[in-house]
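Colleague: I'd like to go over a predicted model; first the sequence, then the structure.
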Amino acid sequence: MAKSFDPPNIWPPFGAFSQSVIAGDGQTIYLKGQVSLGPDGEIIGEGDMAAQVTQVLQNISDILSTMGGRTSDIISLQQFTTDIQAFMGCGDVRARFFAAPYPVTTTLEVASLYDQRLLVEITAIAEIPLDRFIMPETAQDMHQSR
């Protein structure tokens, strides 16, 4: 199981993040950057940062749940937004998905995402404890010899 660690000799976190996470004995899951797309590929919450952050975090949660995971298993987030001020105003949305100890988090403002209507993209790394991890039946081996 992963452990959060905030070293006493550097500044304390001022928000919903940890300074470091030590990975343990679980199954590490790397998630592709998620954007605010619904099940049919339609953009959810056009022009609404809170709605898009909600959809992105719900997508991440849904992916993890297919493998026995939860958002509490996330150890690292990389967040990209086209409007840092609007994104920082979505702390209440994040609070619905995360509780202390928080994942390590990096947030960057970018000029645009692949579609101008998208306001945020978040990628995650999670560690699901082995006693909960479920290997998806459709998972495919990578790096096969060609």
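Modeller: Yep, it's here.

Colleague: Now the residue minimising distance to the centre of the chain: closest residue in space, sequence neighbours ignored.
Modeller: Note on the chain: the residue nearest the mean C-alpha position is A124, at 3.8 Å, using C-alpha atoms, centre = their mean. The shortest distance from A124 to any non-neighbouring residue, by C-beta to C-beta, 6 or more residues apart in numbering, is to L31 (4.5 Å). Just so you know, the C-beta spots here come from the backbone N, C-alpha and C atoms, and that holds for glycine as well.

Colleague: Quickly find the element holding the one you found.
Modeller: In this structure, L31 sits in strand 27-34 according to DSSP states H and E.

Colleague: Pull out the buried positions in that strand.
Modeller: 27, 29, 31, 33-34 (16 or more other C-beta atoms under 10 Å).

Colleague: ok, now which ones touch I44?
Modeller: Contact analysis of I44 by C-beta atoms under 8 Å, 6 or more residues apart in numbering lists 36-38, 51-52, 55.

Colleague: Pull the most distant pair out of those.
Modeller: Pairwise distances across the contacts of I44 (C-beta to C-beta) peak at 12.3 Å, for the pair L37 and A51.

Colleague: pull the CA atoms of the helix ranked longest in the chain into CSV?
Modeller: As assigned by DSSP state H, the longest helix anywhere in the chain is helix 49-65. The C-alpha trace of helix 49-65 is given here as CSV (Å, rounded to 0.1, in the frame of the first residue of the first chain):
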residue,chain,number,x,y,z
MET,A,49,-14.8,24.2,-15.5
ALA,A,50,-16.4,22.6,-12.5
ALA,A,51,-18.5,20.3,-14.7
GLN,A,52,-15.4,19.4,-16.7
VAL,A,53,-13.3,18.7,-13.6
THR,A,54,-16.2,16.5,-12.2
GLN,A,55,-16.4,14.5,-15.4
VAL,A,56,-12.6,14.0,-15.7
LEU,A,57,-12.4,12.8,-12.1
GLN,A,58,-15.4,10.6,-12.6
ASN,A,59,-13.8,9.1,-15.7
ILE,A,60,-10.6,8.4,-13.7
SER,A,61,-12.7,6.9,-10.9
ASP,A,62,-14.6,4.7,-13.3
ILE,A,63,-11.5,3.4,-14.9
LEU,A,64,-10.0,2.5,-11.6
SER,A,65,-13.2,0.8,-10.4
